[in-house]
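Student: sequence and predicted model, in that order:
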Protein chains: 2
Amino acid sequence: MRVHDLPTPALIIDANVMASNLAIMADTLPGPRLRPHVKAHKMTALASQQVEQGHRGFTCATPAEVLGLAEASLGDDILLANETVDAQRLSAMARCKGNVTVAVDSPETIAAAASCGIEQVVIDVAVGLARCGVEPADAGRLAELASASHLTVRGVMGYEGHLVALPDEHERREKVAESMELLLAAHRDVGGDLISAGGTGTYAVNTAATEIQAGSYVLMDSAYGGLTDLPFAQALFVDATVISVAKKWAVADAGLKALAMDHGDSHTESGSTWFFSDEHLTYGPNKPTNVGDRIRIVPAHIDPTIAKHPYASLVDGDEVVEQWPIDLRYW
Amino acid sequence: MRVHDLPTPALIIDANVMASNLAIMADTLPGPRLRPHVKAHKMTALASQQVEQGHRGFTCATPAEVLGLAEASLGDDILLANETVDAQRLSAMARCKGNVTVAVDSPETIAAAASCGIEQVVIDVAVGLARCGVEPADAGRLAELASASHLTVRGVMGYEGHLVALPDEHERREKVAESMELLLAAHRDVGGDLISAGGTGTYAVNTAATEIQAGSYVLMDSAYGGLTDLPFAQALFVDATVISVAKKWAVADAGLKALAMDHGDSHTESGSTWFFSDEHLTYGPNKPTNVGDRIRIVPAHIDPTIAKHPYASLVDGDEVVEQWPIDLRYW
């Protein structure tokens, strides 16, 4: 099938760029130095490519991602890098055939994990982002509580999400080092093999973590594309068809249900974005444009964009070489 | 099942509020005076409630919505109020058992519809929103082209989407009247029974259209909730579980993959929204909060929020009375 024959809006992966991104990362952070985060791409088919690159552990944001990877026999070591007290989901993860570890940051999450049969945890530590994670000074106490609850404490994790998009590499490196001091302090009290942290923006500057939880690097978005020191290229697009042409604008058939807007507007090389509505992009074309023309859009934020689509089409130039279901969606 | 037992994030419909919204609208715009837009809710189960209220026509934004309604034998008269040149989708709509009409606004969309076996069209007219629609002065010429292409021209449509959210009712009414002058002028040249227009914000002030294409009224969102003259109440929510509590903030498990952000942040009565990330809401609670507590979130924009979920749970107080698949998603 030709790319032009795909129904639109179409989620597109440039297969060659993706392969290059995978290889660059595996070269820099080989094998267990990278624990790829699947929340960005949510595809077992792509996770399988990461296994082929030598990464045998995975990071997940939802139980659905953990269970989907385990079901597909992907990964020797699956980490839910997020908190849950959902007994049904914790029990399902405890029963599944994957080697599962979950993050805990409170007595409640420890009690829920222990009572549902989870065996391994990491202590999630607050390292500066206002989200989950226990204060570093309390991490040791929490690890003791987990051990007393018959949970194996594998170490610590902490996500420096407030720093991953800092444009200046030097400033990013310095602030990440400060942030990781908090994680290392917690680790001194907690112990264990794992010091898990990092993302695509900090994979090269976070030297404190034993493993990096990057995910966006494989496909990229325009938010991370703004970091000029990153060697990864844009591999993810949404193709749309021009369905209406007026004197001053054109309308393409990809809107808010095909592209996430939380990082601002997505952009296209075919013109200037005016606005998105539910099923439309109104834009100012920069060349003569006809109904039926295709345009290619670069998503502003990869994670919630991919989660809107049922499948992605891998393309090599004008050829569609494969289609992958987005099979790790929902919760 | 109790609401508290639903896994989160959970898309929630207050069944009683929904029933009240349905009844209020059917009272104001009975039967064919309303052509409910399904793009907001994307559920055949909810469309079926609208049929029970006496509305036998539907408005759709995508071929998938048209085909899904037809497959479910819902609606005697299904309008794709959007342009497409996708031959496969046009042919599928031409073959389906529904009575289908599609919008056209160019020679290309007319040619595509005619060549794929579509029999009925409306001329989509630009009435002030920078999106689809032919200039009013060109509508007659386009109708002639459609007739010459053996298409039945049923009339005109035009969406005053730039006016539906104007806060002042008086100003909204005046500007809608001006906008509808454009549609009525086009209709004088086009002819036909249909003058289709309007949305939830203008359903009561658009007196020019023969039928109103409102959709959000059934479930509502905080954007439309800002129009104090509307009699519809909020029926749609996303419930989330508190998974982490820090000194100054709490974290709930509903983020950018559960709530659309294009109309700004969603809000909760449980506190002040700090920020959303992929799977989290960080907020400042306004009362003592514990891990495991539930919070209820009001979506800012209903359409792309619902499209993120596989199903909705209808609730009556604390009881889950039914679950409806969001079965009209995608394109």
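Tutor: Right, received. Where do you want to start? Note that the structure is a prediction, hence the values are computed from the model and not measured.

Student: for the stretch 101-250 of chain A, which segments count as helices?
Tutor: Read by DSSP state H, counting those that start in this stretch, the stretch 101-250 of chain A holds these helices, from start to end of the chain: A:107-115, A:139-148, A:169-190, A:222-225.

Student: buried residues of the first one, list them for me.
Tutor: Along helix A:107-115, the positions that meet the burial threshold by neighbour count (16 or more other CB atoms under 10 Å in any protein chain shown) are A:108, A:109, A:110, A:111, A:112, A:113, A:114. All C-beta atoms are positioned from the backbone trio N, CA, C, and that covers glycine.

Student: any idea how far residue A:105 is from the fourth one?
Tutor: The one in question is residue A:111. Spatial separation of residue A:111 from residue A:105 under the definition CB to CB, to the nearest Å is 12 Å.

Student: same thing with the last one?
Tutor: In this structure, residue A:114 lies at 14 Å from residue A:105, with CB to CB as the measure.

Student: you'd agree residue A:65 is up against residue A:39?
Tutor: Yes. With contact defined as CB atoms under 8 Å, residue A:65 and residue A:39 form a contacting pair (6.5 Å).

Student: for the helices of the stretch 101-250 of chain A, which one sits closest to residue A:241?
Tutor: Distance to residue A:241, taken as CB to CB, is lowest for helix A:222-225 among those, at 21.4 Å.

Student: residues in contact with residue A:68?
Tutor: Under the criterion of CB atoms under 8 Å, 6 or more residues apart in numbering or on different chains, the contact partners of residue A:68 comprise A:44, A:327, A:328.

Student: lowest average confidence, helix or strand, in chain A?
Tutor: Of all the helices and strands that make up chain A, the one with the lowest confidence by mean pLDDT, DSSP states H and E is helix A:222-225; it has a mean of 92.

Student: biggest strand in chain A by residues?
Tutor: strand A:236-245 (DSSP state E).

Student: pull out the buried positions in that one.
Tutor: When neighbours are counted by 16+ other CB under 10 Å, the buried residues of strand A:236-245 are found to be A:236, A:237, A:238, A:239, A:240, A:241, A:242, A:243, A:244, A:245.

Student: ditto for stretch A:84-93
Tutor: Within stretch A:84-93, the residues that count as buried by 16+ other CB under 10 Å are A:84, A:85, A:86, A:89, A:90, A:92, A:93.

Student: does the fourth one touch residue A:80 like I think?
Tutor: Think residue A:89. No. Contact status for residue A:89 versus residue A:80: not in contact, 9.2 Å apart, counting by CB under 8 Å.

Student: got any residues that touch both of these two?
Tutor: The contact sets of residue A:89 and residue A:80 overlap at residue A:63 (CB under 8 Å, 6+ apart).

Student: filter the contacts of residue A:68 by proximity to chain B?
Tutor: Filtering the contacts of residue A:68 for neighbours of chain B using CB under 8 Å from any CB of the partner chain leaves an empty set.

Student: how about the contacts made by the most centrally placed residue in chain A?
Tutor: With distances taken as CA atoms, centre = their mean, residue A:40 lies nearest the centre of chain A, 2.7 Å away. Under the criterion of CB under 8 Å, 6+ apart, the neighbours of residue A:40 are A:215, A:216, A:218, A:219, A:302, A:303, A:306.

Student: now for those residues: which two are most distant?
Tutor: For these, the farthest-apart pair by CB to CB is A:218 and A:303; their separation is 11.8 Å.

Student: around chain B, pick out the residues from the stretch 151-300 of chain A.
Tutor: Contacts of the stretch 151-300 of chain A with chain B, taken as CB under 8 Å from any CB, map to A:161, A:241, A:243-246, A:248-249, A:251, A:253, A:256-257, A:260-262, A:274-280, A:282, A:290-292.

Student: separate out the buried members of those residues.
Tutor: For these, a neighbour count by 16+ other CB under 10 Å gives the buried set as A:161, A:241, A:243-246, A:249, A:251, A:253, A:256-257, A:260-262, A:274, A:276-280, A:282, A:291-292.

Student: nearest to residue A:199, of the helices of the stretch 101-250 of chain A?
Tutor: Comparison of these against residue A:199 by CB to CB identifies helix A:222-225 as nearest, at 9.0 Å.

Student: output that closest one in CSV with nothing but the alpha carbons.
Tutor: The C-alpha trace of helix A:222-225 is given here as CSV (Å, rounded to 0.1, in the frame of the first residue of the first chain):
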residue,chain,number,x,y,z
SER,A,222,8.1,18.9,18.6
ALA,A,223,8.5,19.5,22.3
TYR,A,224,11.6,17.3,22.6
GLY,A,225,12.6,18.4,19.1
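
Student: ok so, going back, tell me the SS of the residue nearest to the centre of chain A?
Tutor: Classification of residue A:40 by DSSP: H, G, I helix; E, B strand; the rest coil places it in coil.

Student: per-residue pLDDT, it?
Tutor: Among the per-residue scores, residue A:40 shows a pLDDT of 96.

Student: any idea how far it lies from residue B:35?
Tutor: With distances taken as CB to CB, residue A:40 is found 40 Å from residue B:35.

Student: send me stretch A:120-128 as PDB with only the CA atoms.
Tutor: This file holds the C-alpha atoms of stretch A:120-128, laid out as PDB (Å, rounded to 0.1, in the frame of the first residue of the first chain):
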ATOM      1  CA  GLN A 120       8.900  -6.500  44.400                       C
ATOM      2  CA  VAL A 121       8.800  -2.800  44.800                       C
ATOM      3  CA  VAL A 122      10.900   0.300  44.300                       C
ATOM      4  CA  ILE A 123      10.600   3.300  46.600                       C
ATOM      5  CA  ASP A 124       9.500   6.300  44.400                       C
ATOM      6  CA  VAL A 125      11.300   9.400  45.600                       C
ATOM      7  CA  ALA A 126      10.300  13.100  45.000                       C
ATOM      8  CA  VAL A 127      13.200  14.700  43.200                       C
ATOM      9  CA  GLY A 128      11.700  18.100  42.500                       C
END
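
Student: anything in that stretch near chain B?
Tutor: Yes. In this structure, stretch A:120-128 sits against chain B according to CB under 8 Å from any CB; the contacting residues are residue A:126.

Student: now that stretch: buried residues?
Tutor: Along stretch A:120-128, the positions that meet the burial threshold by neighbour count (16+ other CB under 10 Å) are A:120, A:121, A:122, A:123, A:124, A:125, A:126, A:127, A:128.

Student: the stretch 151-300 of chain A: strands as residue ranges?
Tutor: With DSSP state E, counting those that start in this stretch as the definition, the stretch 151-300 of chain A shows strands at residue ranges A:152-158, A:194-197, A:211-212, A:236-245, A:250-252, A:267-268, A:271-277, A:280-285, A:294-298.

Student: so which of the ones you listed is nearest residue A:228?
Tutor: Taking CB to CB, strand A:294-298 is the member of the strands of the stretch 151-300 of chain A nearest to residue A:228, at 15.9 Å.

Student: could you say what helices and strands the helix or strand following that closest one packs with?
Tutor: Scanning the chain past strand A:294-298 towards its C-terminal end, the next helix or strand to appear is helix A:302-306 (assignment: DSSP states H and E). Packing contacts for helix A:302-306, counted by 3 or more CB pairs under 8 Å, 6 or more residues apart in numbering or on different chains; DSSP states H and E, involve strand A:236-245.

Student: give me the angle between the strand it packs on and helix B:107-115.
Tutor: On the basis of axes from the mean of the first three to the mean of the last three CA atoms, to 10 degrees, strand A:236-245 is oriented at 90 degrees to helix B:107-115.
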